[in-house]
Each structure stands twice: as structure tokens, then as C-alpha cells.
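Student: need coordinates for the below:
(one chain, ligands or ions: 2)
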Amino acid sequence: MRTNIESLDWNAGNLIRSRDKDGRKTVDDVFDESTLKNIQQLFHRGVISTLENIIATGKEANLFRAKTLDGRNRAVKIYRQNTATFRKLEKYISGDPRFKSVGNNPRERVFTWAQKEYKNLHSMRASGAKVPEPFHVHKNIVVMQYMGWRFRPYPTIKELTPEEPETFLGLILDSIKAYRSAGISHGDLSEYNILNIREKPCIIDVGQAVPKEHPLYDELHRRDMNNMHKYWKKYIRELKLEDLK
Ligand SMILES: Nc1ncnc2c1ncn2[C@@H]1O[C@H](COP(=O)(O)OP(=O)(O)OP(=O)(O)O)[C@@H](O)[C@H]1O
Ligand SMILES: [Mg+2]
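Tutor: Ligands and ions are numbered 1, 2, ... in the order given. Here you go, the predicted structure:
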């Protein structure tokens with residue numbers, strides 16, 4: 001059963017105590033024991049001081065809005081440490097020369113995955129692509145720039161169609177060109193992973209992105225561009241796949 005997690009006290013010192021008080025079961029649905037510990041460690045390191053609200057719950061990860069000690073918002077992506085997550089990630093990790101010596105243990109694999117998302121955010125951002133700024137990675141947790149209002153993330157382009165499709169698509173292509181020039185394929189680019197921030201794009205969900213050396217590099221990019229074409233031709237009738245260069 002999903003829980004009264006809204007009513008939990010997310011402050012550093014109280015997270016564990018709340019769990020004890022409210023009973024193990026409720027919180028365990030959201031955080032396993034080791035994740036709770038990892039969050040505590042982020043509190044202790046001063047990376048974040050509170051978890052504010054849940055932004056999204058997915059199959060592989062949960063997203064929270066958090067606050068730093070000085071009151072800035074952060075997005076905190078917490079990967080689930082289960083075999084389903086680990087299986088899904090596997091094909092994107094093996095073949096990536098950046099992560100050659102990762103352990104076989106599923107939990108360590110998920111840590112590697114978080115590292116991968118963090119590094120991908122860095123490289124894509126360094127290339128000039130519009131992605132959230134990465135701040136910290138620890139075990140199964142990635143802390144990054146929060147893109148949203150107080151209680152709600154900015155909409156995806158699936159939720160809020162851009163007002164001027166040609167202009168918006170042009171901006172996305174600038175970002176794609178940027179990360180391609182750095183030798184990266186996103187690997188899950190779709191209307192679900194592009195935010196519409198006051199008519200400017202921000203690309204998210206980059207855990208599966210792979211570098212040039214990876215065997216899936218070309219195939220993933222081809223799939224991404226097909227997804228883009230399928231979405232954008234609804235708004236730009238004459239758009240051809242070849243135009244998305
Ligand atoms: N940096 C961010 N700032 C604000 N909201 C974010 C941020 N990153 C992600 N989100 C929100 O969380 C949702 C899920 O994020 P993301 O796509 O990275 O996770 P996911 O678990 O891989 O999702 P899925 O498996 O559904 O693609 C996004 O649709 C968006 O609403
Ligand atoms: Mg997503």
C-alpha cells in the first residue's frame with residue numbers, strides 16, 4: 001500500500017525516527033533500508049537538508065524535490081535497488097568503456113547507473129545541450145537542478161505542446177547537435193523526456209545515454225530521431241525525418 005509519506009517528517013534527524021514511529025511497512029514501500037541510509041548520508045554531507053515532496057514515481061526511480069541548507073531547490077532521483085531495475089539497465093552499461101570494472105552485484109550495478117546518469121548530465125551540459133545541472137551522486141541517488149514550480153515540475157512537451165513547434169524543435173535540435181558533437185546518444189528521447197520550460201526545452205532522463213564506443217550508439221540515436229519525427233510531424237505536417245539533422 002502506498003503510504004502516508006506526505007505526512008512524514010523529512011528533516012534530516014527525523015527520517016529514520018518517522019519510520020520507526022509510523023511502522024516499517026509504510027516507508028519501506030518507497031525506501032528500502034539501504035536507500036534510507038544513503039539519504040541520511042546526503043543529509044549529513046550537507047548536500048540536501050530536507051526532502052520536500054514527491055515529484056514522480058516510476059518503475060526504476062522515484063523523484064523528489066529537496067532543499068539545500070541555504071534553501072535552494074534540488075531534484076533528487078532515487079533509483080530502486082531491485083533486480084528489475086538492474087536488468088533493464090544492463091544492456092546500456094555493458095559496452096560502455098567508462099564503466100568497465102563494475103561489480104556483478106545488482107546493487108552495485110544500480111550505483112553504477114546513478115554514476116552514469118550523473119556523468120551523462122555533465123558531458124551533455126558541457127557540450128552545450130540543455131539538461132539539468134548535476135550536483136551530486138551518491139550510491140543510488142542523483143542530485144540535480146530542479147526544474148519546476150514549488151509543488152510541480154515543469155510540464156513535458158507531451159503535457160504541454162509548444163506554442164511554436166518549429167522554433168521549439170529548432171532549440172531541441174541545437175541540443176541534440178551539441179551532445180552528438182560530444183559523441184553521445186540519448187537513448188530514450190521522446191515527448192516524455194523533454195520539459196517545456198516557458199517555451200524552452202530541457203532534456204531529462206539521461207541515465208541510458210551512451211558514448212560513441214558503445215555498440216548501441218547508432219541504433220539508439222536512430223530510434224530517438226524516429227521518436228522525434230513521429231511526435232513533431234503532428235504539429236509540423238511537412239516535416240521529414242531527414243530534416244531532423
Ligand atoms: N531535474 C528535474 N526537475 C524537475 N522535475 C524533474 C527533473 N527530472 C525529472 N523530473 C520529473 O520526474 C519525472 C520522471 O523523471 P525521469 O524521466 O528522469 O525518470 P524515470 O523514472 O526514468 O522516468 P520514466 O521511466 O517514466 O521515463 C519527469 O517526467 C519529470 O516530471
Ligand atoms: Mg522519463
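
Student: what sits against the residue nearest the centre of the chain?
Tutor: The central residue of the chain, meaning the one whose C-alpha is nearest the mean C-alpha position (CA atoms, centre = their mean), is residue 205 at 3.6 Å. Taking CB atoms under 8 Å, 6 or more residues apart in numbering as the criterion, residue 205 is in contact with 188, 192-193. Quick note: C-beta positions are derived from backbone N, CA and C, even for glycine.

Student: of these, keep whichever come out buried.
Tutor: Applying 16 or more other CB atoms under 10 Å to those, the neighbour count classes 188, 193 as buried.

Student: following the helix or strand of the chain with the lowest mean pLDDT, which helix or strand shows up next?
Tutor: With mean pLDDT, DSSP states H and E as the measure, the helix or strand of the chain carrying the lowest mean pLDDT is helix 24-28 (a mean of 47). Beyond helix 24-28 on the C-terminal side, the first helix or strand identified by DSSP states H and E is helix 33-45.

Student: buried ones in that next one, by neighbour count?
Tutor: By 16+ other CB under 10 Å, the buried positions in helix 33-45 come out as 35-36, 38-39, 42-43.

Student: and of the residues you listed, the nearest to ligand 1?
Tutor: Distance ranking of the buried residues of helix 33-45 against ligand 1, using CB to the nearest ligand atom, places residue 35 first at 14.7 Å.

Student: I'd say that closest one and residue 78 touch.
Tutor: Yes. The criterion here is CB atoms under 8 Å, and residue 35 meets it with residue 78 at 6.2 Å.

Student: need the residues touching each of the two.
Tutor: When contacts are counted by CB under 8 Å, 6+ apart, the set common to residue 35 and residue 78 consists of 140-141.

Student: hmm, back to that, report the entries of the contacts of residue 205 that also contact ligand 1.
Tutor: Intersecting these with the surroundings of ligand 1, defined as CB under 6 Å from any ligand atom, gives 192-193.

Student: dump the contacts of residue 205 to CSV, plus secondary structure, distance to residue 126 and pLDDT.
Tutor: Conversion of those to CSV gives the following (DSSP: H, G, I helix; E, B strand; the rest coil; distance: CB to CB, whole Å; pLDDT from 0 to 100):
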residue, secondary structure, distance to residue 126, pLDDT
188, coil, 20, 97
192, coil, 25, 97
193, coil, 20, 98
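
Student: turn the contacts of residue 205 into CSV, columns for distance to residue 74.
Tutor: Compiled in CSV, the contacts of residue 205 are given as follows (distance: CB to CB, whole Å):
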residue, distance to residue 74
188, 22
192, 22
193, 19
